[in-house]
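Enquirer: From the sequence below, what's the structure:
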Amino acid sequence: MFSGAWSLYGEKVRKILFTFFLFVLLISLIIFLPFLYLGILLIFFVRSLPFFFYVNFLLYENVEGEYNTSEYDSVSECYSENPPKYSKRGKKGTSRPKGLKYTKAYKESMTLSDFLKEALIGLLLGDAHAQRSKPNHNVRLVFDQSEAEHSEYLKYLFTLFEPYVGTPPKTTDRTPDKRTGKVYNSLYFKTLAFPCFNFLVDLFYPKGVKVIPPTIGELLTPIGLAFWIIDDVPGGISHGNLFLHTDSYTIEEVQKLITVLRTKFNLDCWETLRRPGQYAIYIPKRELHKVRKLVSQFMHPSIIYKISGD
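Expert: Here you go, the predicted model:
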């Protein structure tokens with residue numbers, strides 16, 4: 001009899017515990033369910049950020065193309081009044097959004113403004129390079145300048161091409177020169193590969209080696225001339241005279257460039273032999289007033305003094 005009573009009491013305890021457990025579970029659901037829903041929504045929102053940033057960039061895909069430099073007295077004024085429309089919460093050293101993915105659709109959507117196209121002609125005449133890893137791949141650009149002499153200009157180029165770049169400029173880590181014992185480091189950056197750069201390889205590297213395009217007379221504008229001079233100027237000024245280094249071009253190509261400078265820009269200039277098989281274009285000091293009138297509004301402040309003729 002005592003055993004039956006204990007069994008009945010145990011059954012009641014189990015029912016009470018089970019009811020209490022259900023009650024606690026129900027209260028927990030009521031309290032924490034909203035937080036659960038909020039967490040799920042937050043997860044979906046975070047996962048959708050790359051798409052959000054991708055759409056945001058498509059909306060401003062032609063931000064460079066919207067600039068009309070003819071409305072401004074200088075390029076720096078144009079860009080200061082048209083700041084890039086990109087989020088500042090980006091990868092360290094860049095203004096691109098963290099969630100941005102350089103998809104095929106995004107790359108194909110990117111274009112070049114007329115200003116950048118003209119600037120690139122001059123840059124390719126100078127030290128810039130266009131690279132294509134395989135014949136069916138898109139082209140990327142490489143910009144490399146002396147860290148000691150030309151870092152401000154390189155950073156300026158980076159601001160112009162930042163929408164096409166994945167990482168900020170880097171410094172080379174070179175060993176000391178055997179002759180001087182000095183270290184000559186460079187500051188450089190590379191763009192990603194974009195279809196809008198492909199025309200540069202067709203123009204300058206039709207057979208894999210840089211050449212002067214046959215249509216250079218039509219392609220070279222005051223903007224291009226400005227960037228060509230800037231790219232060459234650190235070592236291109238001597239006693240007030242301007243030298244454009246054309247070491248890698250043949251004498252025929254150098255003469256073609258001289259013809260363009262004479263006929264299109266009315267600059268008196270000629271070739272000069274620097275070393276066997278390597279030529280530079282010599283623009284005398286008396287012609288620099290013409291050069292300044294043509295290009296000063298398109299030159300970066302850190303370099304414009306070098307065409308002052310002083």
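Enquirer: any idea how far Ala130 is from Ile31?
Expert: Ile31 is 62 Å from Ala130, where distance means C-beta to C-beta, to the nearest Å. C-beta: built from backbone N, CA, C; applies to glycine.
Enquirer: ignore the last one, Gly217
Expert: Using C-beta to C-beta, Gly217 is found at 20 Å from Ala130.
Enquirer: give the contact list for Lys285.
Expert: Lys285 sits next to 239-242, 309 when contact means C-beta atoms under 8 Å, 6 or more residues apart in numbering.
Enquirer: Give me the pLDDT value at the spatially closest residue to it that is not a sequence neighbour.
Expert: Leaving out its chain neighbours, the residue that sits closest to Lys285 by C-beta to C-beta, 6 or more residues apart in numbering is Gly240, at 3.9 Å. pLDDT recorded at Gly240 is 76.
Enquirer: burial of Gly240, as a residue count?
Expert: 14 (other C-beta atoms under 10 Å).
Enquirer: could you pull out the helices for the stretch 101-250 of the chain?
Expert: With helices called from DSSP state H, counting those that start in this stretch, the stretch 101-250 of the chain shows them at 104-109, 114-125, 147-161, 198-204, 216-219, 222-232.
Enquirer: any weak-confidence spans in the stretch 151-300 of the chain?
Expert: Flagging of the stretch 151-300 of the chain using pLDDT under 70 yields the residue ranges 174, 176-178, 181, 183, 232-238.
Enquirer: For it, which segments count as strands?
Expert: Per DSSP state E, counting those that start in this stretch, the stretch 151-300 of the chain carries strands over the ranges 170-171, 186-190, 237-238, 241-246, 270-275, 278-283.
Enquirer: Redo the helices of the stretch 101-250 of the chain as a markdown table? Include distance to Leu22 and mean neighbour count.
Expert: Converted to a markdown table, the helices of the stretch 101-250 of the chain look like this (distance: least, C-beta to C-beta, whole Å; neighbours: other C-beta atoms under 10 Å):
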| stretch | distance to Leu22 | mean neighbour count |
| --- | --- | --- |
| helix 104-109 | 53 | 13 |
| helix 114-125 | 69 | 22 |
| helix 147-161 | 64 | 18 |
| helix 198-204 | 68 | 17 |
| helix 216-219 | 81 | 16 |
| helix 222-232 | 76 | 24 |
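Enquirer: can you redo those as CSV with distance to Lys210?
Expert: Output for the helices of the stretch 101-250 of the chain, formatted as CSV (distance: least, C-beta to C-beta, whole Å):
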stretch, distance to Lys210
helix 104-109, 24
helix 114-125, 8
helix 147-161, 19
helix 198-204, 5
helix 216-219, 12
helix 222-232, 13
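Enquirer: Between these, which one is closest to Thr180.
Expert: Closest approach to Thr180 among those is made by helix 147-161 (13.0 Å; C-beta to C-beta).
Enquirer: Packing partners of the closest one?
Expert: Helices and strands touching helix 147-161, by 3 or more C-beta pairs under 8 Å, 6 or more residues apart in numbering; DSSP states H and E, are helix 114-125, strand 140-146, strand 186-190, helix 301-304.
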